[in-house]
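Student: model the structure of this input:
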Amino acid sequence: MISSFSEPIYCPNLSCSDPGNSFGSQKCAACETDLIYRYLWAVGPTVEEVPAGKVIADRYFVIAPQIWLDSRPSIPPSVPEQLPDRIMPYLHLYPQRLHTPEVYGFCSLGEAAEATEVLLLENVPVNNFGSLYPSILQAWAQTSATRQVYWLWQMLQLWAPLSEQGVAASLLVPENLRVEGWRVRLVELHRGNFVPTLKDLGDVWSGLVDSAQPEVQSKLGEICLFMRRSSMNLDAIALELNDLLLEQAAKLPLHLEVVGITDTGPHRSQNEDSCYPTAADFQSIKSAGNDKLIPYLTMVCDGVGGHEGGEVASQLAVQSLKALIQNLLAEIAEQEELMAPAMVIKQLEEIVKVVNNVISAQNNEQGKELRERMGTTLVMALQLPQKVKVSQDVPANNSHELYLVNVGDSRAYWIGNNYCQRLTVDDDVASREVHLGHSLYWETQLRSDAGALTQALGTRDGDFLRPTIQRFIVEEEGLLLLCSDGLSDNDWVEQSWQNYGPEVLEGKMSLEAAAQSWVRLANEKNGYDNTSVVVTYCRMSPERVVLFDTASAPSASPSISLPMSPSVSLPMSPSVSGSVSLQKTGRMPESQLSESSKQLLYPETASASESVEKQKPKRLGPLLGLLVLMLVFAGLGLWVRSLQNQNPDPEQLPPPPETTAPTPADIPSPGADIPSPGAESPSPGAESPSPSPESSPAEIPAPSPESTTPPEIPVPSPSPEIPPP
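Tutor: Numbers count the residues shown, from 1 in each chain. Next comes the predicted model:
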């Protein structure tokens, strides 16, 4: 379709000698730069009437009603100096970017006297051919029972953050709900003409029940009836839906294979990254056979800051997390009942804070202050092998739950045959400024401190740490990629996944070869940093014949493939922004922590002229390591017991009333227009249930080595329009 346009698509390389290219080309004819096809969703009173083929503002090509293509992606779009209130929900919901669109800019439509302002959204559910993904109504009847329940689960998880921003009506418009594989995505945000309740959501769901798969139809009908009761709260409904989701997911097979590699890189003398598992961990299994964490646990840590800091912090984080997660899995294995997602998330949050305090205590013991304090980023994935009893005749099977934890800017991606989706949001200045409603994302990328970290493990006391924890369900085949910024910088995962992901999934390349290829790519394209890559192949079918030549496959990083019983399915599937905002600058980061990161992670900085290089740390003594592990195990035991004692029994739902399910005709119309929402709407938190900090990370003082009492947090005065996060 796009080849029918005669207008050129322009090269994003600003120094290109001949940037104009034929529409439909994939690379610039003059400089071989990859061309960017950024599809946008246009929102405005008359945009649906603009015919396909029309060119707006000499840059936007109308592909279809409300779908515009930006032919000049290197030029910033128009943005008013004062951001309008009506776009604030989009900015505050940035942590939900897996499901919600983002603001790209504005465009005037029509003659000057009668021009209307059109809002342009990016990260929208539009495929590479300029077409919307199918609506949930279109795809519903043809999908599996597990995925049907999973789509509803995602909608329920979005209900609270969207309600906080006054746009929960977005979930009541079936055509606004688009599905891309496992993932539910919103085309735009709707305010609606009334304040919706769970009853309204139940009315919409009841319209889907009639065509639901037989094995879940009856239970979904009961849940819809429960939602119509004013006495039923969100948590109670979520528990019922979660039980159904886990029951269905447990019927699926699941096999995991994992490979981990960490590399110093061509321009560094030491490696401050640590990851798990590595070749040494697999060798340990062969010799001792006592590592029960593989293939369930994977993680990447990137050490930052201070004298002798980064390497020690990342290694200490990995070893401490392994011990604590092993203890958690043992505790869960002893329980007869399934642990609810909220409780698992709470325990993981406390584990991360314990590890944070272990590193922080090490800083205090060594008298490290301010920028000398060591820290580390963290991205960790835990496939929680809880057992679900499907029926009397079917044995208990793995629940397919995947929990993803991240602090800092190390990332997680899900890669399928047809897409690569970023699952995490960086803890950096750029993300913070968007979430607070101060700037659009592409604007923040123009700042020199855009990538400066706002939090890391160990730089402050755990009370100030806000890890993001998400739960997904593994219900489709794909690769889970964890990596440090040595690979993810400059969007090299998004640009390279098609070369490796589908090849592995189709049996044409080994997992080891793909992991090593990503490391080589990072060294060639970025090169200025250490790189760590851990890839897990999640196979949803019995073991297949390997097509690649095993004799030629690299053997530097051995892998392990362990069959796992059928399990429950929750969202772990693909999810990375399909459209990349204005290209990041290709500037090479400093070999030391930037001044902006120092000011954010170590707020009480000394003079800016001091340089703090990452130096190779001294090895921790065996006595210190033993002491740390003893403290960790003791603290975890007390903490787990206190959590169990404080955890109330989940609310039990009463049996449904003897009434018939409503028909689709009973569903109220929420309205489609978005009135300007008030700026007083509270900013939603990330997908983790943990509360947002009361002050920006830049204003949180580092803990004093002489005192264990948490310092007071100064509360900044909020802007008149946007409350503090």
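Student: so what's residue 458 closest to, chain neighbours aside?
Tutor: Excluding the flanking residues, the one nearest residue 458 by Cβ to Cβ, 6 or more residues apart in numbering is residue 359, at 2.9 Å. To be clear about C-beta, it is placed using only N, CA and C from the backbone, and glycine gets the same treatment.
Student: where does that neighbour land on pLDDT?
Tutor: According to the prediction, residue 359 has pLDDT 94.
Student: which other helices and strands contact the helix or strand that contains it?
Tutor: Using DSSP states H and E, residue 359 maps to helix 341-365. Secondary-structure packing of helix 341-365 (3 or more Cβ pairs under 8 Å, 6 or more residues apart in numbering; DSSP states H and E): helix 310-334, strand 378-384, strand 401-407, strand 468-473, helix 622-646.
Student: what about the strands in the stretch 151-300 of the chain?
Tutor: With DSSP state E, counting those that start in this stretch, the ranges of strands along the stretch 151-300 of the chain come out as 177-180, 183-186, 252-263, 273-276, 297-304.
Student: and those as TSV, adding mean neighbour count and distance to residue 497?
Tutor: As requested, the strands of the stretch 151-300 of the chain are exported to TSV (neighbours: other Cβ atoms under 10 Å; distance: least, Cβ to Cβ, whole Å):
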stretch	mean neighbour count	distance to residue 497
strand 177-180	22	15
strand 183-186	23	16
strand 252-263	23	16
strand 273-276	27	19
strand 297-304	29	17
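Student: which of the ones you listed sits closest to residue 50?
Tutor: strand 177-180 (20.9 Å; Cβ to Cβ).
Student: pLDDT score for the residue lying farthest from the centre of the chain?
Tutor: Distance from the centre of the chain peaks at residue 113, with 43.6 Å (Cα atoms, centre = their mean). Looking at residue 113, its pLDDT reads 72.
Student: shouldn't it be within a strand?
Tutor: No. Read with DSSP: H, G, I helix; E, B strand; the rest coil, residue 113 is helix and lies in no strand.
Student: who's in contact with it?
Tutor: Residues near residue 113 by Cβ atoms under 8 Å, 6 or more residues apart in numbering: none.
Student: so residue 184 makes contact with residue 135?
Tutor: No. Counting by Cβ atoms under 8 Å, residue 184 sits too far from residue 135 to count as a contact (10.5 Å).
Student: which neighbours do those two share?
Tutor: 177-178.
Student: circling back to that earlier point, rebuild the strands of the stretch 151-300 of the chain as TSV, extending it with mean pLDDT.
Tutor: Listed next are these as TSV, based on pLDDT from 0 to 100:
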stretch	mean pLDDT
strand 177-180	97
strand 183-186	98
strand 252-263	95
strand 273-276	96
strand 297-304	96
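Student: quick check: residue 336 vs residue 391, distance?
Tutor: 17 Å (Cβ to Cβ, to the nearest Å).
Student: next, the buried residues of stretch 285-292.
Tutor: Neighbour counts over stretch 285-292 (16 or more other Cβ atoms under 10 Å) mark 285, 291 as buried.
Student: lowest-confidence helix or strand of the chain?
Tutor: Lowest on mean pLDDT, DSSP states H and E among the helices and strands of the chain sits strand 560-567, with a mean of 34.
Student: now for residue 333, how many residues are close by?
Tutor: 11 (other Cβ atoms under 10 Å).
Student: check contacts around it.
Tutor: No contacts exist for residue 333 under Cβ under 8 Å, 6+ apart.
Student: quick check: the gap between it and residue 114.
Tutor: Distance from residue 333 to residue 114, by Cβ to Cβ: 68 Å.
Student: go on, residue 277?
Tutor: Taking Cβ to Cβ, one finds residue 277 at 63 Å from residue 114.
Student: residue 77 now?
Tutor: Residue 77 is 21 Å from residue 114, by Cβ to Cβ.
Student: which one of the two has more residues nearby?
Tutor: residue 77 (21 against 8).
Student: was I right to think the more buried one contacts residue 108?
Tutor: No. Residue 77 lies out of contact with residue 108 (Cβ under 8 Å); the separation is 11.5 Å.
Student: picking up where we left off before, wait, what's in contact with the residue nearest to residue 458?
Tutor: 313, 316-317, 374-376, 457-458.
Student: ok, of those residues, which come out buried?
Tutor: For these, buried by 16+ other Cβ under 10 Å: 313, 316-317, 374-376, 457-458.
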